[in-house]
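In: This is the structure alone, sequence omitted:
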């Protein structure tokens with residue numbers, strides 16, 4: 001593309017333009033004559049069978065002669081005028097340049113997307129690696145200090161804290177479910193079927209807003225490198241629009257049927 005951009009933008013001589021215009025007018029005149037002949041041949045009235053057969057035979061002979069003439073005719077060459085050839089070549093090169101620039105832009109966009117995906121994968125790998133090293137280190141320290149009473153007491157306290165956190169998480173999920181069921185219930189089945197403009201099929205079992213949120217949370221926590229969830233027919237569209245408008249969920253930039261939870265923890 002860089003080489004093609006260096007083509008000089010010189011003016012076409014008047015003689016070359018006039019020659020090219022004359023050739024175009026001549027070809028256009030021939031096309032008009034052929035079109036008029038076709039129109040005349042298509043407007044012929046129906047004749048008796050014998051006369052019609054004779055007319056068809058004459059037309060067939062005429063077409064055969066024309067076909068032989070075209071087969072024996074040598075194709076017309078491009079004008080040998082160097083100025084005309086230069087302008088034609090310049091136009092073709094400009095088209096090739098535009099096509100190559102479009103391909104280059106697409107390739108760069110794909111490469112940028114791949115680089116972003118690679119960075120996310122490497123970040124997730126490093127996080128998993130650090131987590132594994134931390135767990136191994138903790139296991140080694142725990143095994144080395146297992147005989148000390150203070151260590152046993154700390155482990156017991158840690159287990160109690162984890163148990164309390166699990167209980168608190170369960171209570172939060174129950175409270176969230178009650179709140180969502182009260183304020184954002186699923187549509188009644190009969191109402192969904194009666195609505196003409198509804199995008200939900202009658203035989204699809206919809207999932208609750210709480211189930212959607214839990215699915216988004218579990219996906220972004222377990223696979224942060226691939227946090228998107230595919231929307232299917234069991235997702236009620238108003239729920240998805242509500243989450244997106246509130247900033248709780250984000251659509252995929254290239255696939256509108258995939259969403260993920262907003263990364264509030266980052």
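Out: In hand now; what should we look at? This is a predicted model, so every value here is computed, not measured.
In: Following the chain onward from the helix or strand harbouring residue 125, which element is next?
Out: Element membership for residue 125, per DSSP states H and E: helix 82-144. As assigned by DSSP H and E, the chain's next helix or strand after helix 82-144 is helix 149-183.
In: sorry, back to before: could you give the mean pLDDT of the helix holding residue 125?
Out: Averaging pLDDT along helix 82-144 gives 86.
In: from the chain's centre, how far out does that helix sit?
Out: 17 Å (Cα atoms, centre = their mean, to the nearest Å).
In: In terms of secondary structure, what does that helix contact?
Out: helix 14-42 (3 or more Cβ pairs under 8 Å, 6 or more residues apart in numbering; DSSP states H and E). The way it works is simple: take the backbone N, C-alpha and C, and place the C-beta from them, glycine included.
In: Tell me the secondary structure at residue 235.
Out: At residue 235 the chain is in coil, as set by DSSP: H, G, I helix; E, B strand; the rest coil.
In: Repeat that for residue 259.
Out: Residue 259 ends up strand, using three-state DSSP.
In: what is the residue lying closest to it once chain neighbours are set aside paired to in the beta sheet?
Out: Excluding the flanking residues, the one nearest residue 259 by Cβ to Cβ, 6 or more residues apart in numbering is residue 249, at 4.8 Å. Beta-bridge pairing for residue 249 (DSSP bridges): residue 261.
In: wait, isn't residue 249 in contact with residue 264?
Out: No. Assessed by Cβ atoms under 8 Å, residue 249 is found out of contact with residue 264, at 11.3 Å.
In: Show me which of these two is the more surrounded one.
Out: Counted by other Cβ atoms under 10 Å, residue 249 and residue 264 do not tie: residue 249 has more neighbours, with 20 against 8.
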